[in-house]
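In: pasting a predicted model and its sequence here:
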Amino acid sequence: MSTAGAELAGPDGGPAIVFVHGTRLTGASWRAVTSRLSDRYRCVSVDLPGHGALADRPFTLDAAADVVEAAIRTFGGGRAVVVGLSLGGYVAMAAAARSPDLVRGLVLAGSSAEPSGPAAAAFRLFAWALGAAPKRPFDALNTWFFRLRYPPEIADPIIAGGFWSRGGADALRAIAGERFGPRLAAYPGRTLILNGEYDLPFRLFAGSFARAAQQPARVRLAGATHLANLDRPEAFAVAVCRFMHALDGRR
C-alpha cells in the first residue's frame, strides 16, 4: 500500500522500520528487502523531497529529516529503526541526531564516507552530472541498466517509481560539505554500518564512522556493490533482521 509518499507493508502492530532510498530513486527501490521482512515488521519506505511523490518539494537536509520523522510518527508508532542507503543513510543520521528519541536504531548502507573536505568535490561533480544529463536519454539509460543488471521483481518497481535526477542533484549539493561523523556521534543508540564488498569508496572509510558511533556494529556483504540492497537483498534483509533481534536482546 502507498500513501502520501510512503509505501507500507507488514502488520500495523509490528516493530517499525523506515527505509530511506538513495539518490534519484524512490522508496520502491526497497521492495526486494521489505518483501522479505514484512511478515513480521511494519516496513515504511519513504520518498524524499525532490523524488517520487515528493518531487515538487525542494530537497534540504532538514526537509528530508522531516519526512523521516513524520513517517516514524505517522506509521511507526513514534519509534522506529531507520535504514538508509547512500543519500538515505546521510538523511538517517541527520534525523537520528536531531530526534534520537524517535530512532530506535540505525542501519547505514553505503554512507560511511564524509562528503566534506576533498571528497566534497566528488559529490558536487556527481551532482553536476545528474543535473546536466538530458532527462529522457538519461532515464532510458537508467531503465536499460536496471533491466540488464537485475531480475524483473527488483527492476520493475524501481523503473515504475521513476528516476529523479534533478532532485538527486539538489540532494547531493545539499549534503556536499556537510560532516556526518559528529551527527552519528550525537546519536546514543545502536548503529549497524553495512557496506558492499565492492563499494570501496565507502567501505574503506567505515572504520571512522564505526569509531564515531556510540554502539556500532559492522557488516560487509560479499559480492555486493554500492547498491547492496539490490545486489544481495536476502543477505541485506538478514542483516537487518539480526540487528532487530539484537535490539530486542535476542540472538
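Out: Perfect, I can see it now.

In: show me the helices in this structure, by range?
Out: Assigned by DSSP state H, the chain shows helices spanning 31-34, 61-75, 87-98, 119-132, 135-149, 152-161, 165-175, 181-186, 200-203, 206-212, 228-231, 233-247.

In: next one, pLDDT for E69 please.
Out: pLDDT for E69: 97.

In: nearest approach to R104 belongs to which of the helices of the chain?
Out: In terms of CB to CB, the element of those nearest to R104 is helix 233-247, at 6.3 Å. Using the backbone N, CA and C atoms, a C-beta is placed for each residue, glycine as well.

In: pull the CA atoms of that closest one into CSV?
Out: What follows is helix 233-247, C-alpha atoms only, in CSV (Å, rounded to 0.1, in the frame of the first residue of the first chain):
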residue,chain,number,x,y,z
PRO,A,233,18.5,-8.4,-0.9
GLU,A,234,18.3,-11.7,1.0
ALA,A,235,21.6,-11.1,2.9
PHE,A,236,20.6,-7.4,3.4
ALA,A,237,17.3,-8.4,4.9
VAL,A,238,19.0,-11.0,7.1
ALA,A,239,21.4,-8.3,8.4
VAL,A,240,18.5,-6.0,9.2
CYS,A,241,16.6,-8.9,10.9
ARG,A,242,19.7,-9.7,13.1
PHE,A,243,20.0,-6.1,14.0
MET,A,244,16.4,-6.0,15.1
HIS,A,245,17.0,-9.2,17.2
ALA,A,246,20.0,-7.5,18.8
LEU,A,247,17.9,-4.6,19.8
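
In: tell me which of the helices of the chain sits nearest to P15.
Out: Proximity to P15 (CB to CB) singles out helix 233-247 among those, at 6.3 Å.

In: which elements pack onto that closest one?
Out: Judged by 3 or more CB pairs under 8 Å, 6 or more residues apart in numbering; DSSP states H and E, helix 233-247 is in contact with helix 31-34, strand 80-85, strand 103-109, strand 190-196, strand 215-221.

In: still on that earlier bit, need the helices of the chain in a markdown table (columns: distance to G13 and mean neighbour count).
Out: Shown next, in a markdown table, are the helices of the chain (distance: least, CB to CB, whole Å; neighbours: other CB atoms under 10 Å):
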| stretch | distance to G13 | mean neighbour count |
| --- | --- | --- |
| helix 31-34 | 17 | 25 |
| helix 61-75 | 12 | 20 |
| helix 87-98 | 23 | 27 |
| helix 119-132 | 40 | 16 |
| helix 135-149 | 34 | 13 |
| helix 152-161 | 25 | 17 |
| helix 165-175 | 33 | 23 |
| helix 181-186 | 30 | 18 |
| helix 200-203 | 35 | 18 |
| helix 206-212 | 33 | 17 |
| helix 228-231 | 25 | 27 |
| helix 233-247 | 15 | 18 |
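
In: reformat those helices as JSON lines; add distance to A6.
Out: Shown next, in JSON lines, are these (distance: least, CB to CB, whole Å):
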{"stretch": "helix 31-34", "distance to A6": "12"}
{"stretch": "helix 61-75", "distance to A6": "6"}
{"stretch": "helix 87-98", "distance to A6": "14"}
{"stretch": "helix 119-132", "distance to A6": "24"}
{"stretch": "helix 135-149", "distance to A6": "22"}
{"stretch": "helix 152-161", "distance to A6": "13"}
{"stretch": "helix 165-175", "distance to A6": "17"}
{"stretch": "helix 181-186", "distance to A6": "23"}
{"stretch": "helix 200-203", "distance to A6": "26"}
{"stretch": "helix 206-212", "distance to A6": "27"}
{"stretch": "helix 228-231", "distance to A6": "17"}
{"stretch": "helix 233-247", "distance to A6": "18"}
